[in-house]
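**Q** here's my sequence, what's the structure:
(2 chains)
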Amino acid sequence: MTHDPMTPSRHALARGLLGGGALFLIWEIAARGFDLPAYILPAVSEILLRFWTARDVLGGAAVYTLGEAFGGYLLGGAVGVALALCVTLVPVLRRVIVPAATAVNSVPIVAFSPLILLWFGMGAGSKVVMVAVAVSFTMFVSALAGFDRVDERSVNLMRSFGASRAAILWKLRLPTALPLILSGMRLSTVRSLIVAIVTEMLGAYGGLGWVIYQAVIVIDFVQVWAAIFVASAASLAFFGFVSFLERRLVFWR
Amino acid sequence: MTAIPASAGAFPAARRFGAVLPLLRGLLALAAVLVAVELIILAFGIRPYVLPRPSMVLEAILRTPAAYRDAILRTGTEVLLGFGAGALFGVWIGVAFSRLRFLRETVFPIFIVSQTIPVIAFGALVVMWFGNTILAKAVIVFYLTFFPVTVNTLLGMRTVDQKQVQLMQSFGASDAVIMRKLRFPTALPHIFVALRIASALGLSGAVVGEWFGDTTGLGVLLLQGMYAENMVAIWAAILCAAALGIAFFSAIGWAEKRIVFWGGETA
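**A** You can find the predicted model right below:
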């Protein structure tokens, strides 16, 4: 198959850059050419300029939001993996925890945000909790799939050599589950940032969601777009960082 | 008829995850949880501000059923419109990406980056563009749903066995026939996985879209509850959102069982 379109070409990166560049060019020409008002579509150059002039506000907001997202991300990841571990080690719990987790997950996560805001207040605490709730479910599902992937024959083999439960967990279950746990962590990065920003919209003292909401109220859409670009860049950086860690930790793959 | 349960049992992982999760079992579990929560709250004397009793929440819904019914219908319509468009577009562009490498390599990175845009920022723009209409909410839902479907369509197309393609080609089958009879059916189980993910995301999108100022919908009820610090009203809205989410999820599971009758992926 010389012409299978599914295999990536050698120009994949160049083409990706071409696509992005073309999008920005069309955007710039459309915004300038049709003289669109900023609340419909501001020109890319204006947004980039705003990056520079509002760098203190945007940078501070990005750090604030990333902090919230990262705190919730770690907390949620720990809770999710711990729950999956409980279910794996004590099989009776599976019948209780799995349906409960499914029930909680059937509620769209944003529906919990008014509740969490009233419980934990307007500060960073409520955002950390929201992110943790969102991340913990994804992590629970990924980690459980990972622990379940362990071959029972290997467990029996280790047991027959007198390995303790802790040893089986540390030497067999965890390494087997790690690729799935880490891919769950990677997928949760973007989500954690988005959930933090959405919760900030309902009430906060700072952060990208707060900046966006303030800008929408005063109809400053250049600022909205600038904040969107910053949020995207922060998400991609977070994602890249976790992907890097994943490659380092799962070296045997 | 006995063949179907037998084959279903062969792939427990794929079957158990949603496809055969019947609505009845979900409702039964929900009822059990509600009763348990009720008893715990009564036993420990938890104040309603922390956690209201489920019976109070149900009573609130039954006192003004029309408000909750209208909200569910409104939000449900928004999700259906956006989800339908998102699913169709996602499958279509996923198929196009699988056939046209240049298109995939130039446009797909933009799609990926677009998914890092926080939904509320996107929502603010969309509401500005389309006004506070049902269309604006549907567009937000569309934006959240099309991407997982695109990704999984592409993934599904990748799992097609090249030997089977070559076999069909050797019998003179056209590209269109190969797509319809081999590639698309192979990708369908993957597409359904994406549809389940997308339905939950879409519901979130519709709720957030309503926060930009609307008069009916579950998002509006949530916001009103928050501003009034009325915990019972918030929980009533959460319960309705859960019911809507379960309904969408079950509908997709049911459709999957009907359409992917051969049992889906064996891996």
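**Q** hey, let's count contacts and neighbours off CA atoms from now on
**A** Will do.
**Q** any idea how far residue A:217 is from residue A:195?
**A** Computed with Cα to Cα, to the nearest Å, the distance linking residue A:217 and residue A:195 is 21 Å.
**Q** counting neighbours, go ahead and name the busier of those two.
**A** Legend: neighbour count by other Cα atoms under 10 Å in any protein chain shown for residue A:217 and residue A:195, higher for residue A:195 (27 against 10).
**Q** pLDDT at that one, what is it?
**A** As predicted, residue A:195 sits at a pLDDT of 88.
**Q** elements contacting the helix or strand containing it?
**A** Element membership for residue A:195, per DSSP states H and E: helix A:174-202. Contacts defined by 3 or more Cα pairs under 8 Å, 6 or more residues apart in numbering or on different chains; DSSP states H and E place helix A:174-202 against helix A:55-89, helix A:124-148, helix A:208-217, helix A:221-249, helix B:119-130.
**Q** what's the burial count for the residue of the stretch 51-200 of chain B found nearest chain A?
**A** Nearest to chain A in the stretch 51-200 of chain B, going by Cα to the nearest Cα, is residue B:106, at a distance of 4.4 Å. Other residues near residue B:106 number 23, with proximity taken as other Cα under 10 Å.
**Q** what's the closest non-adjacent residue to residue 111?
**A** No chain specified, so I'll use chain A. Leaving aside its sequence neighbours, residue A:111 sits nearest to residue B:238 (Cα to Cα, 6 or more residues apart in numbering or on different chains; 5.9 Å).
**Q** let me rephrase: I mean chain B.
**A** residue B:147 (7.3 Å).
**Q** with residue A:29 instead?
**A** Nearest non-adjacent residue to residue A:29 (Cα to Cα, 6+ apart): residue A:43, at 8.0 Å.
**Q** my guess is the one you found meets residue A:28, correct?
**A** Yes. Here residue A:43 reaches residue A:28: they are 5.0 Å apart, a contact under Cα atoms under 8 Å.
**Q** what pLDDT is listed against residue A:64?
**A** Per-residue pLDDT puts residue A:64 at 89.
**Q** that one reaches residue A:209, doesn't it?
**A** No. The criterion here is Cα under 8 Å, and residue A:64 misses it with residue A:209 at 10.3 Å.
**Q** those two: who's more crowded?
**A** Shown here are residue A:64 and residue A:209; by other Cα under 10 Å, residue A:209 has more neighbours (32 against 17).
**Q** contacting residues around that one?
**A** Residue A:209 sits next to A:196-201, B:120-121 when contact means Cα atoms under 8 Å, 6 or more residues apart in numbering or on different chains.
**Q** rewinding a little: what sits against the residue nearest to residue A:29?
**A** Neighbouring residues of residue A:43 by Cα under 8 Å, 6+ apart: A:27-29, A:31-32.
**Q** go again using 10 Å as the cut-off
**A** By Cα atoms under 10 Å, 6 or more residues apart in numbering or on different chains, the contact list for residue A:43 reads A:24-33, A:35-37, A:222, A:225.
**Q** kindly report the same for residue B:77.
**A** Going by Cα under 10 Å, 6+ apart, residue B:77 touches B:71, B:83, B:134, B:137-138, B:206, B:217.
**Q** report the distance from the helix or strand containing it to the chain centre.
**A** If you go by DSSP H and E, residue B:77 is part of helix B:65-99. Its chain's C-alpha centre and that of helix B:65-99 lie 8 Å apart, by Cα atoms, centre = their mean, to the nearest Å.
**Q** and the next element down the chain from that helix?
**A** Sequence-wise, the next helix or strand downstream of helix B:65-99 (DSSP H and E) is helix B:101-114.
**Q** that older thread, could you say which helix or strand holds the residue nearest to residue B:111?
**A** Counting by DSSP H and E, residue B:147 is part of helix B:134-158.
**Q** now the element after that helix, going C-ward?
**A** Counting by DSSP H and E, the next helix or strand C-terminal to helix B:134-158 is helix B:162-170.
**Q** what's the neighbour count on residue 247?
**A** Answering for chain A, as no chain was given. 13.
**Q** actually, chain B is the one I wanted.
**A** 15.
**Q** which SS class is residue B:49?
**A** coil (DSSP: H, G, I helix; E, B strand; the rest coil).
**Q** could you report the pLDDT at the residue nearest to residue A:222 when sequence neighbours are not counted?
**A** Spatial nearest neighbour of residue A:222, chain neighbours left out: residue A:47 (5.7 Å); criterion: Cα to Cα, 6+ apart. On pLDDT, residue A:47 comes in at 83.
**Q** what's the helix or strand for the residue most central in space within chain B?
**A** The geometric centre of chain B, computed from its C-alpha atoms, lies nearest to residue B:199 (Cα atoms, centre = their mean), at 0.7 Å. Per DSSP H and E, residue B:199 falls inside helix B:184-210.
**Q** quick check: buried residues in the very next helix or strand once past that helix?
**A** Next in sequence after helix B:184-210, counting helices and strands by DSSP H and E, comes helix B:218-227. Across helix B:218-227, burial judged by 16 or more other Cα atoms under 10 Å in any protein chain shown covers B:218-226.
**Q** cool, and stretch A:230-245?
**A** Using 16+ other Cα under 10 Å as the test for burial, stretch A:230-245 gives A:230-236, A:238-239, A:242-243.
**Q** go through the residues you listed and name the one nearest residue B:63.
**A** residue A:231 (42.6 Å; Cα to Cα).
**Q** what sits against that closest one?
**A** Contacts of residue A:231 (Cα under 10 Å, 6+ apart): A:58, A:61-62, A:65-66, A:190, A:193-194, A:197, A:208-209, A:225, A:237, B:116-118, B:121.
**Q** now, of these, which are buried?
**A** A:58, A:61-62, A:65-66, A:190, A:193-194, A:197, A:208-209, A:225, B:116-118, B:121.
**Q** how many neighbouring residues does residue B:70 have?
**A** Using other Cα under 10 Å, residue B:70 is surrounded by 14 other residues.
**Q** mind checking pLDDT for it?
**A** Reported pLDDT at residue B:70 in the predicted model: 88.
**Q** now residue B:89
**A** pLDDT, residue B:89: 94.
**Q** so it touches residue B:150, yeah?
**A** Yes. Under the criterion of Cα atoms under 10 Å, residue B:89 makes contact with residue B:150 at 8.0 Å.
**Q** between the two, which one's more packed in?
**A** residue B:150 (28 against 18).
**Q** middle-most residue in chain A, spatially?
**A** Note: chain A centre (Cα atoms, centre = their mean) maps to residue A:189, 2.2 Å.
**Q** so what's it closest to, chain neighbours aside?
**A** residue A:239 (5.7 Å).
**Q** so who does that neighbour touch?
**A** Counting by Cα under 10 Å, 6+ apart, residue A:239 touches A:185-190, A:233, A:245.
**Q** could you list the low-pLDDT ranges of the chain?
**A** Went with chain A since none was named. Where chain A drops to pLDDT under 70, the residues are A:1-6, A:251-253.
**Q** oops, chain B please
**A** Low-confidence segments of chain B, defined by pLDDT under 70: B:1-23, B:26, B:263-267.
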